[in-house]
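>>> Okay, predicted coordinates and the sequence, questions at the end:
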Amino acid sequence: MLRLIAVLASVMVVSQARAQDAPVVIRGGTILTGDGTVIEGGDLVFSGGKIDAVGTDIPAPPGASEIDASGQFVTPGYIDAYSHIGLDGRQRWTRESLMAPSRRLSLSLPPTAESEWLRAGTTTVYVSPGAENLVGGLGTIVKLTGAPLEEDAALSMSYGETALRTFAAPTTRQGMVGIVRQTLVNAQEDGIAGEDGRVFAQILFESLPTRMHVNTPDDILTALRLAVEFDLELILDAAAGAHVVAGDIASAGVPVVVGPTIVGLGDGGPYEGFAHTPANAAILAESGVAIAFGTGDAGRGRAVAMEALVAKAHGLSANDALVALTAGAATILGVSDRIGTLAPGKDADIVVWSEEPVTTWAETRVVIVDGETVFTR
Amino acid sequence: MTPSRPYRAASIALTCCVAITTACAPEARREESSDVLAIVNAALYPVSSEAIENGTLLVEDGRITALGSDVDVPSGARVIDARGASVIPGLVESHSHMGFKQLNIPSTGRNNNELSEPINAQVRAIDGLNSNDAAFTLALASGVTTMNITTGSRSPNSGQAVVVKLRGGTVSDMFLAHGGMKFAMRADGEFSNFPDTVDGVYELLVSHLRSARDYVEAGSAAADSGEKPPARDLTHEAFAKLLSREWVVGVHTSDKLGMEHAIALKKEFGLDLYIHHGRNTDELVDELVEAEVPVSFGPILPFMGTENPRVLGPVRLAAAGGVVAFHADHPDAHQYFLRHAATMFVRKGMSRSDALRALTLNPASLFGLDSRIGSLEPGKDADFVFLEGPPLEFESLVSRVFIDGVEVFNRATGDNVFGQRVPEGW
């Protein structure tokens, strides 16, 4: 019996490897490459998990299978650039310390076949520590199949209602920022030992991005001040109210991961509700700020596509919306060498859509990650 | 933004008139009746009948007087050209905590639940509601014109709800109808004087309904015999109004057991009862149809994704002839995304007209208000919403909202009857 299982397993591995290696042509769809290019009646060829060719009238390589995409639309897999996907409550944040810079996340993603995110066209996620801790730890970038992309992707910080409600002290926003400032000064002067000190050194002296989860215009300006003072490579998360200070954000060259805009206002969060508008992304893009979208989702299967759709309904162009879901997000996350566009050499993370993407009725038809078809409707 | 004083004044004047119709001076009524509003060139979605591609809607005295593709506009009417817009009935939110947990004021989070006792039948939402909650303006921007505002769900019976129209002013100005009673099949083990299981909650509610029955019977017997009736008890009186079906009861339940208990309550006591939340509707479609228990499903976004299998529950219930409403449950879900959430059910097979009905006429029917609001029909209240495109599309933003024939929200100007600032972009 054991022997039989072993044999079966090896057969499965071989057949999977074959399926992945053999070329596949997605034929005749409208291809939106993710960086703004549109190819009508386009063909896309991939094999071995990578994209080989994108264009028109591409002859089928020997042994290729075909996916008919005529009348349909082809995009890169979408990127949810701020989520807590795969984290349970205990993983998301830690009670033990207000600041846990070297904390790493351990994800438990649903099986590929059951992933509501994959079915909805999201293929890669940035998983952030929760906003409960002032310094929550290291965020990570993974595909929803579980394949890692970048383990230590950024250091996550947060100040605002969520952190204020979670810890008894400090009791104020200004108190929290005071602690951050003193900590970074200590780190600059080698005052912090061990792993924590190493992580702070990476944001201060190396290229590890600092992501700050903030939700009012004034909190965002505080983040921009900290970034200047400590020469941080800053990315703003959530950023309700960013539209009010879009010019400042643009001048600082700081990208924003917008959302979630589709929210509940919660028991204690409504204070920040005044700053919340679905026009945030459109106003930021108009001001020249690089944007991506995040759901902030942990386990509800929410589609980042819907965040982009709300933004588009409120003034973001269709092209900007798609770029923010794909190439723009990949650039902000620092993984544009691998994902975000449909181009030769990039990972074969591809979605075929029933109709024009980022519209109310667009639905996934086929979802492919690393050349494997993970969902067909 | 300037608060739209004239609108508000008009709205309040009209409200008084509606509330005390019989007391209105005949002359005042004649004067108002000369003020006809005509919406022309609109794509009308009456909900109760087929859509009209290029229609006219006439409003007089706060009521719809006519609609159709072949309606003459009376001379002297005030005409609004709605070319390019859809006009739908104002959305009816069947389950909200607006005015309790207030936008921008975190300390109000605890206003929602009276938690000193498990049974709070004498507690009335109208007595605690703050009409100045900034969220009402956002609700108008979402196309909501009527709302059932209910107290929280953390006690088995949190009290009496109130149905309001979002026409500005005080709670009295907004008042439309009693919203019935709220039960919650929920046991968190948080309070020692509360039942610690859902079964225990059910038993507690059953015992109160039985006591109310005894109370009513004792009262009748006393009246017959001329003896002194039992001492007045507001809790018994409230439960008695459920037994007589004068009030509806909405049962908060999110799991199968709770839903089964709700169905059992309806059967045992003949209540006018609906379920709100009803996450497990997919498992009980036949039972709900058989017992004629409507479900107000929600909150949907952001709690469920498009691929969530629970979305199929309302789709199947509607297909089986059951009554489905959708709700946002502000502030758990943001009111604005309720209309968007309806698209999730259409993707899974619900007809667009059923989805629109679940936002309008069906929630109105939960409170017996479907003869007055929830669709565009002659004789009904002139509560309607202009959308920039087809009713359910995300891209179709709410541009104007009317209640009782009076404009209460205008997206282009930001004017709204609550006089609150509308954040940029809504």
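Sure thing, it's come through. Residues are numbered from 1 along each chain as shown, chains lettered A, B, ... in the order given.
>>> for the residue lying closest to residue A:280 once chain neighbours are set aside, what are its contacts?
Leaving aside its sequence neighbours, residue A:280 sits nearest to residue A:243 (C-beta to C-beta, 6 or more residues apart in numbering or on different chains; 4.8 Å). Just so you know, the C-beta spots here come from the backbone N, C-alpha and C atoms, and that holds for glycine as well. Counting by C-beta atoms under 8 Å, 6 or more residues apart in numbering or on different chains, residue A:243 makes contact with A:277, A:279, A:280, A:283, A:284, B:424, B:425.
>>> could those go into CSV alongside distance to residue B:89?
Below are the contacts of residue A:243 laid out as CSV (distance: C-beta to C-beta, whole Å):
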residue, distance to residue B:89
A:277, 26
A:279, 26
A:280, 30
A:283, 32
A:284, 35
B:424, 28
B:425, 25
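>>> Quick check: the residue of the stretch 251-400 of chain B nearest chain A.
Closest residue of the stretch 251-400 of chain B to chain A, C-beta to the nearest C-beta: residue B:305 (3.1 Å).
>>> Go ahead and confirm that residue touches residue A:307.
No - in this structure, residue B:305 is not within contact of residue A:307 by C-beta atoms under 8 Å, at 11.6 Å.
>>> More neighbours: the two, which one.
residue A:307 (32 against 23; other C-beta atoms under 10 Å in any protein chain shown).
>>> in the stretch 201-350 of chain A, which spans are helices?
A:217-230, A:246-252, A:280-286, A:304-313, A:318-325, A:327-333 (DSSP state H, counting those that start in this stretch).
>>> got the buried residues for the fifth one?
Within helix A:318-325, the residues scored as buried using 16 or more other C-beta atoms under 10 Å in any protein chain shown are A:319, A:320, A:321, A:322, A:323, A:324, A:325.
>>> For chain B, state which of these is nearest.
So of the buried residues of helix A:318-325, ranked by how close each gets to chain B (C-beta to the nearest C-beta), first place is residue A:321, at 11.2 Å.
>>> didn't that closest one look like it was pressed against residue A:308?
Yes - the pair residue A:321 / residue A:308 is scored as a contact, 4.4 Å apart, by C-beta under 8 Å.
>>> any common contacting residues for the two?
Residues touching both residue A:321 and residue A:308 by C-beta under 8 Å, 6+ apart: A:281, A:358.
>>> The residue of the stretch 251-400 of chain B closest to chain A: what's it in contact with?
By C-beta under 8 Å, 6+ apart, the neighbours of residue B:305 are A:116, A:117, A:120, A:297, A:300, A:301, A:302, A:303.
>>> Let's have those in a markdown table, adding distance to residue B:92 and neighbour count.
Converted to a markdown table, the contacts of residue B:305 look like this (distance: C-beta to C-beta, whole Å; neighbours: other C-beta atoms under 10 Å in any protein chain shown):
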| residue | distance to residue B:92 | neighbour count |
| --- | --- | --- |
| A:116 | 29 | 21 |
| A:117 | 32 | 28 |
| A:120 | 29 | 24 |
| A:297 | 29 | 25 |
| A:300 | 26 | 16 |
| A:301 | 28 | 23 |
| A:302 | 26 | 30 |
| A:303 | 27 | 24 |
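>>> Residue B:222 is nearest to which of the helices of the stretch 201-350 of chain A?
Among the helices of the stretch 201-350 of chain A, helix A:304-313 comes nearest to residue B:222, with 60.2 Å by C-beta to C-beta.
>>> the inter-axis angle of the closest one versus helix A:318-325?
Comparing the axes of helix A:304-313 and helix A:318-325 via axes from the mean of the first three to the mean of the last three C-alpha atoms, to 10 degrees yields an angle of 150 degrees.
>>> Give me the secondary structure label for the residue of the stretch 251-400 of chain B closest to chain A.
coil (DSSP: H, G, I helix; E, B strand; the rest coil).
>>> Spatially, which residue comes closest to it, not counting chain neighbours?
Using C-beta to C-beta, 6+ apart, the nearest residue to residue B:305 is residue A:301, at 3.1 Å.
>>> Buried residues, stretch A:28-44. List them.
So stretch A:28-44, judged by 16+ other C-beta under 10 Å, has buried residues A:28, A:29, A:30, A:31, A:32, A:33, A:34, A:35, A:39, A:42, A:43, A:44.
>>> residues touching the second one, list them.
For residue A:29, the residues meeting the contact criterion (C-beta under 8 Å, 6+ apart) are A:41, A:42, A:44, A:69, A:70, A:71, A:72, A:73, A:74, A:352.
>>> got the CA coordinates for the helix or strand where it lies in PDB?
In the assignment (DSSP states H and E), residue A:29 maps to strand A:24-32. Extracted in PDB, the C-alpha atoms of strand A:24-32 (Å, rounded to 0.1, in the frame of the first residue of the first chain):
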ATOM      1  CA  VAL A  24       0.000  27.000 -23.500                       C
ATOM      2  CA  VAL A  25      -1.400  29.600 -25.800                       C
ATOM      3  CA  ILE A  26      -4.200  31.900 -24.600                       C
ATOM      4  CA  ARG A  27      -5.600  32.900 -27.900                       C
ATOM      5  CA  GLY A  28      -7.600  35.800 -29.300                       C
ATOM      6  CA  GLY A  29      -8.400  37.800 -26.200                       C
ATOM      7  CA  THR A  30      -8.000  41.500 -25.500                       C
ATOM      8  CA  ILE A  31      -4.700  41.500 -23.600                       C
ATOM      9  CA  LEU A  32      -4.200  44.200 -21.100                       C
END
